[in-house]
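need coordinates for the following:
(2 chains)
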Amino acid sequence: MTQKPVLVVEDDPIIAGVICRSLAAWGHPSLHALTGREALALERESAVGAIILDRMLPDIGGIEILSQWRASGCNTPVLMLSALGSVQDRVEGLKAGADDYLTKPFDDAELEARLAAICRRNQRKGDDLAVGRLRLDNAAHRAFLGDGGIDLNRKQFSMLAYLMRHADRVVTRAMLLENVWGYAFDPATNIVESNLSRLRGRLQALGCDAVETLRGEGYVLRSAKCGA
Amino acid sequence: MRGLTFLAQPRIGRLAGQFGLAFALAMAGAGALLYWQARAQIDDEVETSLRREQARILVPGAPHDTASIARRLNALTGGRVISDKGHMLLAPDGRAIWGRIEMAPPLSLPLPGFTDVRFRDGRPDWREGHALTARLPDGARLVIIEHSEAVENIHAMLPRTALILVIISIVVGSGAAWLFSALIAQRLARTMAAADALARGDLSQRIPDAGLDGVFAQQVAGLNRMIERMADMVHSQRQFASHLAHDLRTPLTRLRALLQADREHTDAAGRQLLERAERECRSIIAIFDALLRLSEIEAGRHPTAMAPLPLAPIIEDVAETMEPVIADAGSRLEIGALFPATIRGDVGLVHQLLVNLLDNVALHTPAQTCATISLGLAGDEAIITIADNGPGIAEAQRDRVMQPFERGAASNRPGSGLGLAIADAIMRFHDGSLELADNGPGLAVRLHFPLLAAGVTTF
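As a prediction, this is how the structure comes out:
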């Protein structure tokens, strides 16, 4: 990821401490701001690679800070954290310019995966959906490995596309629900697990076993396993 | 528009008719009273005048035999014309002794005292008159008749006047009643429009009080005060939920952070304990999220993207998603007949509704269960049916399982216990209803949506 520090704006010392420790464990330096004013100053003074921004701060609200940054042309990826988890709160956060919105409480794995995703968001785009020899045919809803091809249903196709776009990075269950299904609610069922196991079965029929499950974290599509 | 449809209701029309009839009856009563009053007045005046005339003829002290009276009559009428009164002397057998007046039968020989008579004095037509008759000592009768011109006029006018009066009072009465009820209906329509908006969850609505006075203004002010109070309460309820969310999520976040932080430094037993604690923490968060979601839907706080929504594609989409989940539970999901139907709805909420209900099939029915989802039409409703051949829910328990945190008696499966309550809230949000029915065997969940359009439509 980036070597520039991640700015953590969070007024709760325990939560801020855990976030900064986790960032250090993943190899990212971090800066910590306790208040909105401090955050504005730190962002001006230092070149930061990404921002984790709490929505509720004692002085200036997270939404307002973000609006100021976006208005002044700052494009740094922002992951908004909030205890307010309703659909409306989420929409407000994304409208203000957040790249992603994570509701408290959260797993550190979720935080890591989402941070990685927003930092890479601008780098891998377009319709070029091929990882190694694995490629997708958008019009036919088919996946190909070399010459062999399989049909996928819409959900399997979208899941594979999302995994391929985030190849070699952890994709969490919540990220799949949000981006493949567009669900703003937590269905509390095995939707992701069951559909992913079907997808894995289809890929195995093609001779590709690239989707790996990381217990308690999520799923990874390994590009190294898409080659042969 | 609403006001007009309200006016068009038959109840108002009937009310106007009843008012008109009551008005007409009252007018008729008043007319009759006036008539009798006028009649009595006229009779009274005529009788006084007749008595005076009689006293002039039958002078006290003078002889009252027929010949003397005839002479007196000659003396009184001989000099000048008495136009308004006629005089007659009749023999006991009814023969005229004096005077040229002819009496119509049956009263050719009037009884003593006042009587109404018909008479003519040389002219061809009979006239109405009031007569005063006195019996003379020798058996003859003196009859003085006054022509009742005023009474005749009244009688001539009466039928036409009465008819006009009744027609006017029916028209005016009905018109006034209709206008009155139309004005009331118009005022009620404003209140009803506001009440409908409130029922839809728009608490910013107030009933307009412009142009109202008296009891209507008071009523509107009272209702508005009530709405204000309700809005305050709902607002503070929402604030409460929002603060609860923040105040509870923050310590839960810390708790989870603490549970995850020092795992490397603990032994195996301690680590197991931490993992169990974290699992419990996770399920607290899940229930808490579902509860917030429920209150969000019920409070109408969900940012609604209400739009025309063809149901069949959504059902196919959700069935595609949930089929592997149900298959992994050892059961089967089939798609039945899907009649094209469009409702007005929120696409996200309808997805959640169907996912919740199909998840119930996966969680709460034994393996080998077969569930079918279908879409049909009945009247002005689109009905999605999810029917299974599992154990079903006993009728006595069906109301109970819709309540938050209640589950079927046989169920000891995981879940927040809010699934059906959320589904029910989503149906109410769409002005629809959720019905649990017997599938004989199994359970049939029927979702009744108000239909926007049937058949394949393009929007």
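
do the longest helix seen in chain A and chain B meet?
The longest helix of chain A (DSSP state H) is helix A:191-205. Yes - Helix A:191-205 lies within reach of chain B by C-beta under 8 Å from any C-beta of the partner chain, at A:191, A:193-195, A:197-198. Glycine gets a C-beta too; all of them are placed from N, C-alpha and C.

wait, which of those is closest to chain B?
residue A:194 (3.8 Å; C-beta to the nearest C-beta).

I'd like the average pLDDT over the longest helix of chain A.
Averaging pLDDT along helix A:191-205 yields 92.

contacts for it?
Contact partners of helix A:191-205, identified using C-beta atoms under 8 Å, 6 or more residues apart in numbering or on different chains, comprise A:143, A:150, A:152, A:155-156, A:159-160, A:173, A:176-177, A:181, A:209-211, A:213, A:219, B:321-322, B:324-325, B:327-328, B:355.

the same query, at a cut-off of 7 Å, please.
A:150, A:152, A:155-156, A:159-160, A:173, A:176-177, A:209-211, A:219, B:321, B:324-325, B:328 (C-beta atoms under 7 Å, 6 or more residues apart in numbering or on different chains).

report the buried residues of that helix.
Using 16 or more other C-beta atoms under 10 Å in any protein chain shown as the burial criterion, the residues of helix A:191-205 that qualify are A:191-192, A:194-196, A:198-200, A:202-203.

so which residues on chain A come close to chain B?
A:12, A:14-15, A:18, A:56, A:83-88, A:91, A:104-105, A:108, A:153-155, A:181, A:183-191, A:194-195, A:198 (C-beta under 7 Å from any C-beta of the partner chain).

just the ones of those in helices?
Going by DSSP H, the helices hold A:14-15, A:18, A:87-88, A:91, A:108, A:154-155, A:191, A:194-195, A:198 from these.

before we move on, the earlier item: so which of the residues of helix A:191-205 next to chain B is the closest to residue B:186?
Within the residues of helix A:191-205 next to chain B, proximity to residue B:186 (C-beta to C-beta) peaks at residue A:191, which comes in at 53.1 Å.

what pLDDT does residue 175 get?
Reading this off chain A. Looking at residue A:175, the pLDDT reads 90.

try again with chain B
pLDDT, read off for residue B:175, is 84.

show me how far the longest helix of chain A is from its chain's centre.
Offset of helix A:191-205 from its chain centre (C-alpha atoms, centre = their mean, to the nearest Å): 21 Å.

now residue A:110: how far from chain B?
Residue A:110 is 11 Å from chain B, where distance means C-beta to the nearest C-beta, to the nearest Å.

go on, residue A:48?
23 Å.

just the CA trace of the longest strand along chain B, in CSV.
With secondary structure taken from DSSP state E, chain B has its longest strand at strand B:443-454. C-alpha atoms of strand B:443-454 as CSV (Å, rounded to 0.1, in the frame of the first residue of the first chain):
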residue,chain,number,x,y,z
LEU,B,443,-46.6,-22.9,6.4
ALA,B,444,-47.7,-20.4,3.7
VAL,B,445,-46.6,-16.8,4.2
ARG,B,446,-48.6,-14.4,2.0
LEU,B,447,-47.5,-10.9,1.4
HIS,B,448,-50.3,-8.6,0.3
PHE,B,449,-49.1,-5.5,-1.6
PRO,B,450,-51.4,-2.8,-3.0
LEU,B,451,-51.1,-3.3,-6.8
LEU,B,452,-49.9,-0.4,-8.9
ALA,B,453,-50.2,-2.2,-12.3
ALA,B,454,-50.8,-5.7,-13.5
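
now the spatially most central residue of chain A, nearest residue through space, not along the chain?
Centroid-nearest residue in chain A: residue A:114, 2.7 Å away (criterion: C-alpha atoms, centre = their mean). In space, residue A:114 comes closest to residue A:100 once its chain neighbours are excluded; the distance is 5.1 Å by C-beta to C-beta, 6 or more residues apart in numbering or on different chains.

for that neighbour, give me the pLDDT.
90.

now do the contacts for it.
A:79, A:114, A:118.

residue A:78 is in contact with the second one, correct?
No - counting by C-beta atoms under 7 Å, no contact exists between residue A:114 and residue A:78, whose distance comes to 11.2 Å.

what do these two both touch?
Contacts common to residue A:114 and residue A:78, judged by C-beta under 7 Å, 6+ apart, are absent.

report the beta-bridge partners for the residue nearest to residue B:395 when sequence neighbours are not counted.
Nearest residue to residue B:395, sequence neighbours excluded (C-beta to C-beta, 6+ apart): residue B:438, at 7.1 Å. Counting by DSSP bridges, residue B:438 forms beta bridges with residue B:443.

can I assume residue A:144 sits in a helix?
No - assigned with DSSP: H, G, I helix; E, B strand; the rest coil, residue A:144 falls outside any helix and is strand.

with adjacent residues omitted, what lies nearest to it?
Per C-beta to C-beta, 6+ apart, closest to residue A:144 is residue A:135, 5.3 Å.

what about that neighbour, neighbour count?
17 (other C-beta atoms under 10 Å in any protein chain shown).

which helices and strands does the helix or strand containing residue B:289 pack with?
In the assignment (DSSP states H and E), residue B:289 maps to helix B:268-298. Judged by 3 or more C-beta pairs under 7 Å, 6 or more residues apart in numbering or on different chains; DSSP states H and E, helix B:268-298 is in contact with helix B:214-261, helix B:419-429.

residues contacting the last one, please?
Under the criterion C-beta under 7 Å, 6+ apart, residues B:290, B:293-294, B:297-298, B:349, B:352-353, B:356-357, B:359-360, B:401-404, B:433-434, B:447 lie in contact with helix B:419-429.

mind doing that once more with 6 Å?
B:294, B:297-298, B:349, B:353, B:356-357, B:360, B:401-402, B:404, B:433-434 (C-beta atoms under 6 Å, 6 or more residues apart in numbering or on different chains).

could those residues go into CSV alongside pLDDT and neighbour count?
Converted to CSV, those look like this (pLDDT from 0 to 100; neighbours: other C-beta atoms under 10 Å in any protein chain shown):
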residue, pLDDT, neighbour count
B:294, 74, 18
B:297, 74, 23
B:298, 71, 17
B:349, 88, 25
B:353, 92, 27
B:356, 90, 22
B:357, 92, 22
B:360, 87, 25
B:401, 79, 22
B:402, 75, 15
B:404, 70, 16
B:433, 91, 14
B:434, 92, 18
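
chain A: which of those residues is nearest?
Scanning these for proximity to chain A, where the rule is C-beta to the nearest C-beta, the winner is residue B:356, at 7.5 Å.

who are the contact partners of that closest one?
B:419, B:423.

does it belong to a helix, a strand or coil?
Per three-state DSSP, residue B:356 ends up helix.

so which of the helices and strands packed on helix B:268-298 is the most packed in?
helix B:419-429 (a mean of 22; mean count of other C-beta atoms under 10 Å in any protein chain shown).

quick check: mean pLDDT of it?
86.

one more: stretch B:41-53?
87.

over to stretch B:213-222?
Mean predicted confidence for stretch B:213-222 is 85.

can you list the residues of chain B near chain A?
B:245-246, B:249-250, B:252-254, B:256-257, B:286, B:289, B:296, B:303, B:320-321, B:324-325, B:328, B:348, B:352, B:355, B:359 (C-beta under 6 Å from any C-beta of the partner chain).

which residues in chain B form helices?
Counting by DSSP H, chain B has helices at residues B:2-7, B:10-57, B:66-79, B:149-199, B:214-261, B:268-298, B:311-328, B:347-364, B:395-401, B:419-429.

for chain A, give me the ranges with low pLDDT.
A:1-2, A:121-128, A:228 (pLDDT under 70).
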